[in-house]
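[1] no FASTA, just this:
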């Protein structure tokens, strides 16, 4: 975020916090707990990440590393406890490389939710930057190369870190384009741009984001800004309430994201 902050008027550099998780499933388990139920009941969650469904309601408690079990209470709320719970990943247009919902669709639903909900706050959970890094391939209308498809294997096999890092930054920018649309459209006094976890590029011998409490995974950006309130965006996407084959959808997307 520091490296590309100068390219966006709504970004500052240098500010960070410590996340409550080193992977989404751990962050969900530590954040959406019954201890926080009062705030959650006044929160709308608009999410591109199937892990929200996987991690809430005790539907699929993950196999924690033994030492993490001592620090995590599986005390999550149910999806119905949120003021609004919009799983855009279930019905939105998908990225052909990852099978996950496109960030512009998440923004579309977030704007609709903000206009229509009575929630006090809204959490909008995008997926970029996340493997595979397909931003440039989408723009150039071509297949993924091997570095974009599996950056961790590329690093381990001697690919220059700068090449992999550049693909990562392009994927981050791909997501921030949709974040910018959201910021420009909604009238919100305070907007925070952050992440549920970081990414490890070989630090401590770790790649990606396994559930390990190390700084590259726990230290995340914290950027505060405000909405511009233009209210010009036209909503294109309506939620699909059909719930057929939900478990199959979750498993397929988690596998494409490298969680299986």
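    Sure, I can see it. Remember, it's a predicted structure, so these values are computed and weren't measured experimentally.
[2] CA atoms for contacts and neighbours, from now on please.
    Noted.
[3] quick one: low-confidence parts of the stretch 151-260 of the chain?
    Within the stretch 151-260 of the chain, the stretches with pLDDT under 70 are 241-260.
[4] can you give me the strands for it?
    Here the stretch 151-260 of the chain has its strands, by DSSP state E, counting those that start in this stretch, at 191-194, 200-201, 207-208, 219-225.
[5] okay if I get those strands as a markdown table plus distance to residue 124?
    Putting the strands of the stretch 151-260 of the chain into a markdown table (distance: least, CA to CA, whole Å) gives the following:
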| stretch | distance to residue 124 |
| --- | --- |
| strand 191-194 | 10 |
| strand 200-201 | 23 |
| strand 207-208 | 22 |
| strand 219-225 | 14 |
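[6] same list, these, but as JSON lines with distance to residue 175 and mean neighbour count please.
    JSON lines is the format used below for the strands of the stretch 151-260 of the chain (distance: least, CA to CA, whole Å; neighbours: other CA atoms under 10 Å):
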{"stretch": "strand 191-194", "distance to residue 175": "11", "mean neighbour count": "16"}
{"stretch": "strand 200-201", "distance to residue 175": "19", "mean neighbour count": "20"}
{"stretch": "strand 207-208", "distance to residue 175": "18", "mean neighbour count": "18"}
{"stretch": "strand 219-225", "distance to residue 175": "15", "mean neighbour count": "19"}
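[7] residue 240 is nearest to which of those?
    Residue 240 lies closest to strand 191-194 among these, at 27.2 Å (CA to CA).
[8] how far is the closest one from where the chain is centred?
    Here the centre of strand 191-194 is set off from its chain's centre by 12 Å, with CA atoms, centre = their mean, to the nearest Å.
[9] from here on, call the first residue 41.
    New numbering, starting at 41: the last item is strand 231-234.
[10] tell me what it is packed against?
    Strand 231-234 sits against strand 259-265, with contacts defined as 3 or more CA pairs under 8 Å, 6 or more residues apart in numbering; DSSP states H and E.
[11] for the strand it packs on, which strands pair with it and how are they oriented?
    Strand 259-265 has the following strand partners under DSSP bridges: strand 56-58 (antiparallel), strand 231-234 (antiparallel).
[12] next one: it to chain centre, how far?
    In terms of CA atoms, centre = their mean, the centre of strand 259-265 is set 14 Å apart from its chain centre.
[13] and if you look at stretch 265-280?
    With CA atoms, centre = their mean, you get 19 Å for stretch 265-280.
[14] list of residues touching that stretch?
    Stretch 265-280 has contacts (CA atoms under 8 Å, 6 or more residues apart in numbering) with 50-51, 126, 128, 130-132, 145, 148-149, 151-152, 222-232.
[15] just the buried subset of those residues, written out for PyMOL, thanks.
    Buried residues within those, by 16 or more other CA atoms under 10 Å, are selected in PyMOL with:
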select buried, resi 50+51+126+128+130+131+132+145+148+149+151+152+222+223+224+225+226+227+231
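[16] what about the contacts of stretch 265-280, which are in helices?
    Counting by DSSP state H, these place 145, 148, 149, 151, 152, 222, 223, 224, 225 in helices.
[17] of those, which is the nearest to residue 137?
    Nearest to residue 137, judged by CA to CA, of the ones in helices among the contacts of stretch 265-280 is residue 145 at 16.0 Å.
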